[in-house]
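> I'll drop the sequence and a predicted model, then ask my questions.
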Amino acid sequence: MFVTPAYAQAAGGSSSAILQFVPLIAIFAIMYFLMIRPQQKKLKEHKAMVAALHRGDQVVTQGGLIGKVSKVKDNNEVEVELAEGVKVRVVQSTIAQVLNKTEPAK
């Protein structure tokens, strides 16, 4: 026999099982604060930006097109005027950035 009975009894304690999960919990906590939480915060800010779109705002789409919002529809669509007479319908979530914000009409 290579293992003594005293060593085998000491290795099977219940406190060692809890100590084995401490590094796993620490890794999850670090991943939450470094990756998950910032992504959730960024998503929340993007949703607020998209919800605040108004007619006349100059926006950039995820495809890199710059245009002016001409109409905001209820079904998650925005009509963007890219050039004079050129209007495209864009899904609201594909708006990447608002360049010039206009005040809403009263």
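Yep, it's here. Numbers count the residues shown, from 1 in each chain.
> ok, Leu24 to Gln39 distance?
Distance of Leu24 to Gln39, computed by C-beta to C-beta, to the nearest Å: 21 Å. Where you see a C-beta, it was placed from the backbone N, CA and C, and this is true even at glycine.
> repeat for Lys47
For Lys47, the distance to Gln39 - C-beta to C-beta - is 13 Å.
> element containing the residue positioned nearest the centre of the chain, please.
The centre of the chain sits closest to Leu43, judged by C-alpha atoms, centre = their mean, with a distance of 3.2 Å. For Leu43, the element it lies in under DSSP states H and E is helix 37-51.
> which residues touch that helix?
If you take C-beta atoms under 8 Å, 6 or more residues apart in numbering as the criterion, helix 37-51 is touched by Gln92, Ser93, Ile95, Val98.
> and if you look at stretch 65-83?
Residues contacting stretch 65-83 (C-beta under 8 Å, 6+ apart): 53-61, 87-93, 95, 99.
> got the buried residues for stretch 63-73?
Buried residues in stretch 63-73, counted by 16 or more other C-beta atoms under 10 Å: Gly67, Lys68, Val69, Val72.
> likewise for stretch 96-106?
Here stretch 96-106 shows Val98 as buried, counting by 16+ other C-beta under 10 Å.
> returning to that earlier point: can I get the helix holding Leu43 in CSV, CA atoms only?
The C-alpha trace of helix 37-51 is given here as CSV (Å, rounded to 0.1, in the frame of the first residue of the first chain):
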residue,chain,number,x,y,z
ARG,A,37,-21.7,43.7,-16.9
PRO,A,38,-20.1,46.2,-19.4
GLN,A,39,-21.9,44.5,-22.3
GLN,A,40,-25.2,44.8,-20.5
LYS,A,41,-24.5,48.5,-19.8
LYS,A,42,-23.6,49.1,-23.4
LEU,A,43,-26.8,47.4,-24.6
LYS,A,44,-28.9,49.4,-22.3
GLU,A,45,-27.4,52.7,-23.5
HIS,A,46,-27.9,51.6,-27.2
LYS,A,47,-31.6,50.8,-26.5
ALA,A,48,-32.1,54.2,-24.9
MET,A,49,-30.4,55.9,-27.8
VAL,A,50,-32.6,54.1,-30.4
ALA,A,51,-35.7,54.9,-28.4
